[in-house]
Every structure is written in structure tokens, then in C-alpha cells.
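Colleague: please find the sequence and the predicted model below.
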Amino acid sequence: MADHPDERQAQPVDPSLFTGGSRSQPVDPSLFIGASQPQPFQDRVKAVRQRYRSDNIPSSTPHVLQEPPNVSEGRSLRTKVYKILLSRLQKKGIDLSKTPEHFFHWCLPRKGALLSDWYTLLNDPLLVTPQQLERMFVLKESRSKSDGKPEKGSVVYYTRTFTFTTDEILDIIQIMIDEGIRSDKIFHWQWLVSTSKNRQGPGMLFHLRYHGMSISRSPHKRHREDITQPNVKGGLLNHIYKTTLAKYPQIVEGALVQYYPEATINMGPAMPDSAKQDLFNAREQTLIALDGHDVVINTQSGGKGYHFVPDIDADEVPFLHLRTNTLEGFATATEACTSDTASAVARYATNVQEYATANPISTGTARLHFGENIRGTIEHQALPVRIKGRAEQTGVMAMIGSDYPMEAFKDATPFLWGGAATADMMVEIVNYTVKWDQSLQQSSHTLYAKDMLQSRYLPFINVYPWTRKSSDDQATAHKYVRQYLQATKPLIALTLGHDVSAFGKNIFQKGIGIKPGTLNEHVGELYLSKFADDVDDWAEENSIIVIPCYHPGGLAYGSQWQDLYTRILAKTFSIAWLAASEAMRLGVNDTVVSRRSLCRMIIDSVSKKIGPNTEFGKSFTKAKAELAAAWTARNEWAVTPRRQSLPEGSETHPQTNDAEKLPRVEINGDGQRIVPVDSIRWRRAREELNIILEVGRAATTPRSEQRQAEIERLAGYSIGYLPPSNTAEQKQALIDWAIKQPQHTQWVFAYGEDPSVMRAVSLMPNLLSIFAQDLFHIDPEYDDWVTEIKDGVRKAYQELQDWFKAKVIGPYTKYEDAVAQGWSALAQLAFEK
């Protein structure tokens, strides 16, 4: 998961601001239309769908468009909107000024268009109703996997609309703030909703929209995939889905998904891929610009991935003042690492794989198999070169990230190949940096990042080389990082994100190397650190220079400051690039100077070129100051509007940080308390339910050939809820256990109670606690409650299984339908509880 962009921890809610008690229930039925008592879930979905027929346009709508300064009076409405679009895109660095007006025919006013509709869209997009959009554009609803499915070679553009009441959207915003989701957009929404509520009254509907494009699946199917696989898509949309599903699932279930038939593009094979992508991007960028970049759920301007669009004066010229010659240094001052080093890197990758497979719940490999392709990718991208002439292995630089994005893990993609949004950004930064390097100013080559990986010049590792970060795995993950550094011994570590940078600065040990909220002060600085396991050991050969950097994933949390954030990312990489150049210049063929002395020489040499009085230093300091100011302004949006609107004694918006804590028995042994906030506990219960469904049930008869094939499938998945099957003995144990299970047995439940129900507590603590809390009191200060109330836990486990059979899979004839819709049963249970 990407570190938060301004690296601040969530601030606790002041209990004095609330008088309604704790958030003991994850769902408040009183917030639903016409529901003093909980309604059946499908009825609530229908109520949400009825909102889309509302066409309650604010009566105070003026009849003048806010136009850019260069738009003269007397132009047609169509031309005015066209100019506004170009102006908005230009502000985001997207120049479509030479694009003819007819390219936008599908999204410009038509004959008979209502000025009030277009004014509302361009000035108050949260208030634009679906009926207004249907008057303005040709729209079709996508309600199945075939509605709007693009033909081969085509791209379909779509919009998802989520409609909230005033109380609902403010509640969702506050939950996200309380959970530490510090995107500038949610504070902006909070301000817009609060001011609109004051202007129009409380009986309003707000329409949050997400715009996208698809080349293979229908818009409806894309939406359903994001519901059933919420971790696949990161960023703000993922947080919206998770938070709303936990609190108001009917809003997500009833979302309106529409596509624009007139915007569909069908490309022939003759057009180059780059030109196709630019054209595809332009349509999506236009959709986002119509709503306004500051209001839509999208955090990017549109198009595929994140992009670094350098400014000559602010980015390229300051870099050229560094006068680096790094690539030539790699070519002349380094050589392949020794076979011993390569073997040590292979052991590191194998150790990571074995640990992740043995701890699948905390590492996320219960969902995604940690196969040989992943292990091979980790090894391949971690291999270094060595500086020539030094007696011991001496690497140049390593990039250290946080954890694997889901899509990169699924495809086993090396970081510098791109493919995930965060990697795409770093690939572009590396490409531009290498191009600007003195030795390649005239080159037209554009695949530098891949070349750097293939040449082993820029090795990369993650602190958590799997898809989930958990405190349970922290000590082991840290140990593996030190193991890797001791094997490859790089002189420089570029650390991405607060947690990784704090870890590196604190001599790669657990602790507060950088206080939360202060990473901006440390980004681009050079710190002498070390990577020894022994905290007290300052042996010369363990020294390393740590350069803290923002995590590129932080771009998913904002829109107002993304250009500055990207600029600082690029400049920080430039500093690491310069440090690598100096490391090779000073370190080659010098066997006398110790590593620690060499590190100090590198720091001194780099500091002279990036100091506050240099051209680069002035540019870097200016960018950091502007970003800090932007974050300060952003945080001020969240100060009072929401909390001042709460009535005395409000039961509607209680605080979230005082719910009862539950102990948890971990697979690794030590008891640990699980989430104290009910809304988050229910969300994690849903994730546990999803895994139970995905693992599936015995579809064949015991001891049959078909059962043997089914067991092979389970062993291949390396499902974490089942016995491990990495060795021949473990696989045989899995076969002996699974071959005898009755048909239709849910694999997870069978494993959870065999041999002891205690195993179930480790596998599904949040889901089980929902049933346990009604049977006996759980003392949050007493970690041994499970062992002393086994009968109560066993009864709760049986109630969980009975509920699962009756409510989750019972209503469906096909198990696949239960997998897709089973979460709705948990939503209904939330109301009942």
C-alpha cells in the first residue's frame, strides 16, 4: 500500500465534538430514505436507484457561464463550452488547442441545450442529476457484461454515478478522514457539500462520479470487478468503495453505470500505438475536465497511469547544472557481481517466498499464489553490479519500495518495467533522468529504465515483497532487507515513502527514524546509516547512504499538488543519480578508503552541487516549500464545516475511535488486538468472507479421481487457509486431509475446526467476533479469553457456519453467484446486528 502523500498520521477525533456515544453499529438505518426500520437490502437498492430520476435543479442557478478571459461575448454556447474545456485541460498540461472542435462533438452542447444544465455541470458538478446528463449527452446504461462491451480494437468511455444524501456523503467523508485517508479531494467535497447544504437546505442529493475507459470489458463488468475485488484498484476510488460498502452498501450496489456511444473510438491497425493511446487518453481527459478535476473521484487528469511532464526551466535546467555522467560511470566503473553475491540474492528471494507462503493471511498470498514467477522476478530485479577494483562486493545504488501493488504481483512485473501506476511514474522519471545525463543528451532512445534493470544498474526490492503490509510481518520483513543489503552492499539506498525512509534512516531497524508528518523536511537529504543486524555494531563495511524520497503512490491521493509532488520525486531521484555518479568516481580502484569514509566523501561531494545556493538547490527548496504550503492549505479545508453542522446530542455521526477491542490469536503465536473501530472491523470481516468464498468448497465426491484433481488445484493455489503444500510431505498431508472431506464441504470451515476451533480464531477473527460478541463478554484487556471460553467460541463458530449456509450460499443455485453476491448477506447482517 502506498504511503500517504504528506505522510501525516490520522488525527484522532475530539470526543468533545460528539455527544452521541460510540459508533457501535456499522450502519445507521435512520440515514436511509423513508426507513425508520431496516428495509430489505434490495428495497434499499431500489430506493437509491429512484434517486437517479430526481431532477431537482437548484433554483438559484444563474444563466451566465464562467468563461476564461479570452472568450468573447456573442459566441455560441457550444463554442463557449469548447473553450472552457481547452482551458481546463491546458491548466493540467494537456494541450489540445490544435484539436478541431468536431473532435469533441459527443460532449458539446447540442441544438436546444439548456444553459442551466451546462452551468450546473461546469460550476456545481456534484449537483448535476443523471436526468440532466441524459439531456446533455447520448448515454446508455450498462447493466450486464454485454452492455457497452467494446468490440475488438475499440475503446468505450463510461461514467459511474454514486448518489448520496447530505448526511450520507458527510458521514462517508468523516469516516475516511477518521481512518487517515488524507486526500485533498475529500476535504474539498466536505467543503462543497457543507456550503451547498447551507445554501440550499439539507434535502439535497450529491452525485459523485468516476470516469473511465475500457478496451475489453463492459463498464458494468468493470464496476462489478471493483466491488468484488476491492484491493485490485488502489487510490481514492478504492477507498470510496470500501468505506461505502461497509456503511451504505446499497449505494454502491445501486450505482448508475452509463457509457457514451458517440465517444467510442475504433482504431485500425495502421495507426501507431503511441498515437492511439494519445487519442484514447484525450477522450477520457475531456470527460474528467467537464466535471472538473477537483470534484471527480479520479485523481489523475485522465489517460493511462501517472505521467511526468517535465518543465524545461523547473526540471531539466536545474538537473543539467548537476553535470552528471552516471551512465558512463556504470559502463566503465562497474562489473557483474560475483557468483557468491548472486547466490545470496537468490537465497534472499527464496527466503521471502517461503515466509510468504507459510504466512499467507498476513502477507496476502491466500488470495494470490506466490509462485516461481514471483520469486524469479524478485531475484532478477534485485541483482546488482559491483564497483571495480574493490576487495569486497560494493554495489552502487538500490531502490527500496514498500510493498507489491496487486496488479504487479499478479503479472510478476519488475518495478522498472512499469505496468502499475506507481511504477509507471518512476519509469518516466528514470527515462528522463538518463536522457538528460551528460553522456546521452542527443539520444532518441526511450527505454532507459528497462535497460537499467537489464544491466543491473538500478536494483529494486520491497520491504514487504508481497501484497499486504502487516505489523505481524514487520520484524521478518526488516530482517530480509538487511540480509539483502549485507549481500549486495550498495553505497546508496533511495527509500520510497515515509515508513521505508524512517526504517532506513534508523539504521534499518524498527523505530522512529523520521517522525510522522515530517518527511518533507527529509526528502532529498543524505544520511549516513548502516545495515548491520547488531544495533551496536558500527563496523565500517556496514555503512550506507540513505536518501529519503516520497512514494510515487502518493499521487493517488490528490490532484491540487500532483505536479509539485512529481517534481520533487524527480529531483530526489536526480540527487540519488548524482550520488551514484560520485560513488563510482570516488570508489573505483580505491581499496584503501573504508566504506564509511567513502560514504562521507560522497555526501560531501554531492552536497556541494545541491546546496541551497546552487541552481539545483534553489529549485529544489522552492518546490518543497510550495508543496508544503499546498498541503497546509488543503488541511485547512477539513477544520470545521462538518463538525460545526452536528446538532447537540447527535446520534447520527458518533465518534469512531472508542469501540471495544478484541484480542486475536495469530497463526504465528502472539496474541494481538484487532481493529478497535467497528466500521473497519466489518470491512475486514467482509474481506475474510470473500476469501472463504474464493477458496470454495468440495465440488467432488471423497476419494474420487475428480477429488484428486481438485486437491491439485488447491495445492497449486497455495491457499493460506489450508495446510501448506510447499514440500512433498506437506502436499501429502494436504491430500490426506482433503481427500476425505464430504462433498459440498466449505474448505475453510473444515480446516478451521480440525483439529480445534482455535484455528478458526486465527483465520477469521473479525468475522467470528461478530457472532461471538452476542454469546459472551470479551475482555479487551485479557488476551486468554479464547482459551478459557472454548465452548463459547465453538458455539459462535457454529452460528457463523449456519448463517453462511442459510444466508450467503442458500439463496443461490449456482455457487458462482454466491461468490459474486455473498457480501450483500453480510450487509444485511450489519443491519440486524
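Modeller: Arrived safely, thanks for sending.
Colleague: where does residue 546 fall, helix, sheet strand or coil?
Modeller: In three-state terms, and counting by DSSP: H, G, I helix; E, B strand; the rest coil, residue 546 is strand.
Colleague: ok, now which ones touch the closest residue to it other than its chain neighbours?
Modeller: Ranked by CB to CB, 6 or more residues apart in numbering and with sequence neighbours excluded, the top spatial neighbour of residue 546 is residue 504, at 4.0 Å. Backbone N, C-alpha and C define where each C-beta goes, glycine included. Residues in contact with residue 504 (CB atoms under 8 Å, 6 or more residues apart in numbering) are 400, 493, 495, 513, 527, 529, 546, 548.
Colleague: list phi and psi for residue 299.
Modeller: phi -100, psi -10 (degrees, to the nearest 10).
Colleague: how close does it sit to residue 466?
Modeller: When distance is defined by CB to CB, to the nearest Å, residue 299 is 25 Å away from residue 466.
Colleague: more neighbours, the two?
Modeller: Applying other CB atoms under 10 Å to residue 299 and residue 466 shows that residue 466 carries more neighbours, namely 27 against 21.
Colleague: any weak-confidence spans in the stretch 251-400 of the chain?
Modeller: Applying pLDDT under 70 to the stretch 251-400 of the chain picks out residues 267-277, 301-306.
Colleague: contacts for stretch 588-602 next, please.
Modeller: By CB under 8 Å, 6+ apart, the residues outside stretch 588-602 that reach it are 333, 387-391, 394, 489, 491-492, 526, 528, 538, 540-545, 579, 582-583, 586-587.
Colleague: scan the contacts of residue 504 and report the most crowded one.
Modeller: Among those, residue 495 has the most neighbours (other CB under 10 Å), with 31 neighbours.
Colleague: top helix in the chain by residue count?
Modeller: Selection of the longest helix in the chain by residue count, based on DSSP state H, yields helix 562-587.
Colleague: after that helix, which helix or strand is next?
Modeller: helix 595-610 (DSSP states H and E).
Colleague: look at residue 138 and give its secondary structure.
Modeller: Three-state call for residue 138 (three-state DSSP): coil.
Colleague: the stretch 201-350 of the chain: helices as residue ranges?
Modeller: 219-228, 235-247, 249-253, 273-291, 317-320, 326-333, 339-358 (DSSP state H, counting those that start in this stretch).
Colleague: and the fourth one, what's buried?
Modeller: When neighbours are counted by 16 or more other CB atoms under 10 Å, the buried residues of helix 273-291 are found to be 276, 280-291.
Colleague: who does that helix touch, helix- and strand-wise?
Modeller: For helix 273-291, the helices and strands in contact under the criterion 3 or more CB pairs under 8 Å, 6 or more residues apart in numbering; DSSP states H and E are helix 77-91, helix 115-123, strand 154-165, strand 205-214, strand 265-266.
Colleague: ok, now the first one?
Modeller: On a contact count with 3+ CB pairs under 8 Å, 6+ apart, helix 219-228 meets strand 154-165, strand 205-214, helix 235-247, strand 256-259, helix 815-821.
Colleague: buried ones in the fourth one?
Modeller: Just to be clear, that refers to strand 256-259. Judged by neighbour count (16+ other CB under 10 Å), strand 256-259 contains these buried residues: 256-259.
Colleague: go through those residues and name the one nearest residue 793.
Modeller: Checking the buried residues of strand 256-259 against residue 793 by CB to CB gives residue 257 as the nearest, at 42.1 Å.
Colleague: my guess is the closest one contacts residue 142, does it?
Modeller: Yes - when contacts are counted by CB atoms under 8 Å, residue 257 is listed as touching residue 142 (4.7 Å).
Colleague: which residues do these two both contact?
Modeller: Shared contacts of residue 257 and residue 142 (CB under 8 Å, 6+ apart): 158, 219-220, 223.
Colleague: possible to save these as TSV with neighbour count and pLDDT?
Modeller: Supplementary listing: the shared contacts of residue 257 and residue 142 in TSV, determined by neighbours: other CB atoms under 10 Å; pLDDT from 0 to 100:
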residue	neighbour count	pLDDT
158	25	96
219	28	94
220	23	94
223	21	90
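Colleague: hmm, back to that, buried ones in the longest helix of the chain?
Modeller: Those would be 562-584, 586-587, for helix 562-587 by 16+ other CB under 10 Å.
Colleague: same deal with stretch 496-507?
Modeller: Using 16+ other CB under 10 Å, the residues of stretch 496-507 that count as buried are 496-507.
Colleague: same check, this time on stretch 123-140
Modeller: By neighbour count, and taking 16+ other CB under 10 Å as the criterion, the buried residues in stretch 123-140 are 124-130, 132-133, 136-137, 139.
Colleague: where does the stretch 651-800 of the chain dip in pLDDT?
Modeller: Residues of the stretch 651-800 of the chain that meet the criterion pLDDT under 70 lie in 651-681, 715-727, 752-758, 773-790.
Colleague: which residues touch residue 549?
Modeller: 494-497, 501, 523-524, 569, 572-573, 576.
Colleague: for the residue found closest to residue 121 once you drop the neighbours it is linked to in the chain, give me its contacts.
Modeller: Excluding the flanking residues, the one nearest residue 121 by CB to CB, 6+ apart is residue 128, at 5.0 Å. Neighbour list for residue 128: 117, 120-121, 207 [criterion: CB under 8 Å, 6+ apart].
Colleague: out of these, who's nearest residue 250?
Modeller: Distances from those to residue 250 were compared by CB to CB; the smallest belongs to residue 207, at 15.7 Å.
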